[in-house]
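Visitor: here you go, sequence then predicted model.
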Amino acid sequence: MIEETLQIKNKHGLHARPAAHLVKIAGRFKSEIKIFKDGLEVNAKSIMGVMMLAAEPGSEVLVQIDGEDEKQAIDELKELFEKKFYEE
Amino acid sequence: MKNKDQSKQIIIEGQASAPGIAVGPAFVFKPFSLNLTEINSSADSVASEIELFESARLKVLDQLYFAQKQSSEAYGDEFTEIFESQIAFLKDKILLDEIETVMKNGGNSAGYAVYTILSKKSEHFINLENTYFRERAFDIIDLKQKLLLALFDIQIDYQLTHPSIVVAESLSPADTVNFNRNLILGFLTDRGGETSHSAILARGLKIPSVVNGKKLSEVISTNDPLIIDGFAGTIIINPDEETRKKYLNLKFKHEQQDAALIAANPAEAITKDNIKIDIYANIEFASEVSDVMEFKADGVGLFRTETLFLEGKSIPGEEHQYKVYKKIAKGLKNKAFVIRTIDLGGDKLLEAYKDESEQNPFLGWRAIRFCLDNPNIFKPQIKAILKASRYGDIRILLPMVNTVGEILQVKEIISEVRHELNTAGANVPESLKLGVMVETPAAAIMASTLAKYVDFLSIGSNDLTQYTLAVDRTNAKIAQNYCSFEPAVIRLMHGAVNAGIANNIPVSICGEFAAVPAALPILLGMGIRNLSVTPTLIPLLKKIIGSLQVNSCIKLYDKIQAFHHASEIQAECEQFINNHVPEISFLKEDA
């Protein structure tokens, strides 16, 4: 199991479109991917869940990945956060 | 009407919000509500409930794809995000599992499962602090309603079976696009104003629209005969045969004339004595650029950026604004593009002031006053405009300016932003024209001084009339005192025009007065050579201008300067128009 804290760096935070990107990428992996923020735990493969985090720009979330492809998953998610969810 | 004895004709004065006339039966749109007992009453076997849910889900997906397509065709990407996220929710396997679990555990109905899960989700969002995320609650509530409607096979709400005038308390963008556009004759809403969503949508869709300001949606029943006049704001319930014929005739004449005007629409507006008048368009959406080009305007004389700030869930950032300005600039192919900076009150823009009502909002913390106090909102707008200015002939117009000091402060901000951009290597053009609205008596009286500091003036006739006469036109008791033909207003406009001529800068007029046929001769007579109006009115204006001589307009203007009453001036101008452009004389019947 891998855990990592990632920061939301895009302009608007996890709005509908960036959240959709995140869900799409998370959905490619077999591992279970959870995101924690402010006491809320959601499944990263659920757009409803990800939007419920209401993650604003600059905020941090804890990503927890458990499964056979967890290493690859964390790498891709880190890149997505780093590239600001391809927002611009 | 609820009481059939009241089948007498009733005439009500409302507020016009989108031009056109509609004659036909009412369709009263009521928000849907089912109580929880009803929703849960039909629990069947688990398998059949799951099947029921699946077919409802597919049906709603279809509706959403359709609405998304309709919206995107009418407005581009402006409203599609709502539908996009609703579609994504309906494809969210985790969410669907949650709903199914409620059906499986405890043998609950599909309706109950949808209701409980989505209510729980919307409740989560409604309690959030961030405006964007909080407002997602409405998308979820709307989605829940759609699913329940599909589950209970209730179709009546959006289903127009014949052409109708949609009557509602208010309409959301999602509501609006769910109606079959081909069957909507008009919109009559209780609430909303000229800048409200429903009005903007109606104008975009070219659907006549009137706001009644009362609670007519509770009084009118579906299929009640109705007339709405989106030019004058008149509403007629149960019209008698004579009235019906009169309006059908008027509607026919308008349509015929519109078609003829569009067919004849010349590339340029040139008077009989060969003077070119520049006609610009007032717009509020990027999607209106196609109208600007189609009606052959000389450019955009007024881009109201307020809509940009009101339609979103949060204040649009520099990047979003930049994209919109750039898109319009490119679409206009180097035609002039005047962007007016935010003309709103602080209560509309900042969450913290949302509940603070000012005693006199029109004399309050708004427009340039608000912007200068909030560089965090104003600077990104200036930055976005400067960046976009690489793609066209962009000019900045400042609303509600009273003093030279305000202009100097803005210039300071512009040069700061330019410096920042150039330091970052953005290479922003040096020559960006700056203009001010002349819409307060102070600005009009000081126009010759203000003119020394700017590149152009734009007369906002609506506010100038309101502030000069100290009349709130939405106050029914004094609305009749609001008249731009008042000598006081005309004299102030003339002063602004002279200030422009003396300082060799252009003066345009962008208020409603610029689109009043009878006003055109005196505007030309006082020296106005630039007008900015709603795109659809451009062919009419070109027609009128083509029938006038500037010389005779000057004579008319000299004559009316001696008049003491607005009514005399107006009558003289209407007579003048009737004599010179008799073809459009029927227009004043409904004015």
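Guide: Sure, I can see it.
Visitor: report the contact partners of B:Ala426.
Guide: B:Leu386, B:Lys387 (Cβ atoms under 8 Å, 6 or more residues apart in numbering or on different chains). C-beta here means a position set from N, CA and C on the backbone, and glycine is covered the same way.
Visitor: what separation do you get for it and A:Lys9?
Guide: 22 Å (Cβ to Cβ, to the nearest Å).
Visitor: one more: B:Glu98?
Guide: Counting by Cβ to Cβ, the gap from B:Glu98 to A:Lys9 is 30 Å.
Visitor: count the neighbours of the residue of the stretch 301-450 of chain B found nearest chain A for me.
Guide: Nearest to chain A in the stretch 301-450 of chain B, going by Cβ to the nearest Cβ, is B:Gly317, at a distance of 5.5 Å. A count of nearby residues for B:Gly317, using other Cβ atoms under 10 Å in any protein chain shown, gives 16.
Visitor: identify the residue nearest it in space, chain neighbours excluded?
Guide: A:Lys11 (5.5 Å; Cβ to Cβ, 6 or more residues apart in numbering or on different chains).
Visitor: buried sites along the lengthiest helix in chain A?
Guide: In chain A, assigned by DSSP state H, the helix with the most residues is helix A:70-82. For helix A:70-82, a neighbour-count test (16 or more other Cβ atoms under 10 Å in any protein chain shown) marks A:Glu70, A:Ala73, A:Ile74, A:Leu77, A:Leu80, A:Phe81 as buried.
Visitor: of B:Glu98 and A:Lys9, who's got more company?
Guide: Using other Cβ under 10 Å, the more surrounded residue of B:Glu98 and A:Lys9 is B:Glu98, with 19 against 14.
Visitor: the more buried one is in contact with B:Leu118, isn't it?
Guide: No: judged on Cβ atoms under 8 Å, B:Glu98 makes no contact with B:Leu118 at a distance of 9.8 Å.
Visitor: hmm, back to that, quick one: contacts for the residue of the stretch 301-450 of chain B closest to chain A?
Guide: A:Lys11, A:His12, B:Pro380.
Visitor: now which of those would you call buried?
Guide: By neighbour count, with 16+ other Cβ under 10 Å, the contacts of B:Gly317 hold A:Lys11, A:His12, B:Pro380 as buried.
Visitor: lowest-pLDDT helix or strand in chain A?
Guide: helix A:16-26 (a mean of 93; mean pLDDT, DSSP states H and E).
Visitor: please name every helix or strand in contact with that helix.
Guide: helix A:47-52, helix A:70-82, helix B:80-90 (3 or more Cβ pairs under 8 Å, 6 or more residues apart in numbering or on different chains; DSSP states H and E).
Visitor: any idea of the angle the last one forms with helix A:16-26?
Guide: The one in question is helix B:80-90. Between the axes of helix B:80-90 and helix A:16-26, defined by axes from the mean of the first three to the mean of the last three Cα atoms, to 10 degrees, the angle is 30 degrees.
Visitor: same question, the longest one
Guide: For helix A:70-82 against helix A:16-26, the angle between stretch directions is 160 degrees (the same axes, to 10 degrees).
Visitor: surely B:Ser458 is within a strand?
Guide: Yes: counting by DSSP: H, G, I helix; E, B strand; the rest coil, B:Ser458 is part of a strand.
Visitor: in a markdown table, list the buried residues of helix A:70-82 along with pLDDT and distance to chain B.
Guide: Shown next, in a markdown table, are these (pLDDT from 0 to 100; distance: Cβ to the nearest Cβ, whole Å):
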| residue | pLDDT | distance to chain B |
| --- | --- | --- |
| A:Glu70 | 96 | 19 |
| A:Ala73 | 96 | 17 |
| A:Ile74 | 96 | 20 |
| A:Leu77 | 96 | 17 |
| A:Leu80 | 95 | 17 |
| A:Phe81 | 95 | 19 |
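Visitor: what parts of chain A come near chain B?
Guide: Residues of chain A lying close to chain B by Cβ under 8 Å from any Cβ of the partner chain are A:11-13, A:15-17, A:20, A:23, A:43, A:45-49, A:51-52, A:54, A:56, A:88.
Visitor: fine by me, we can end here.
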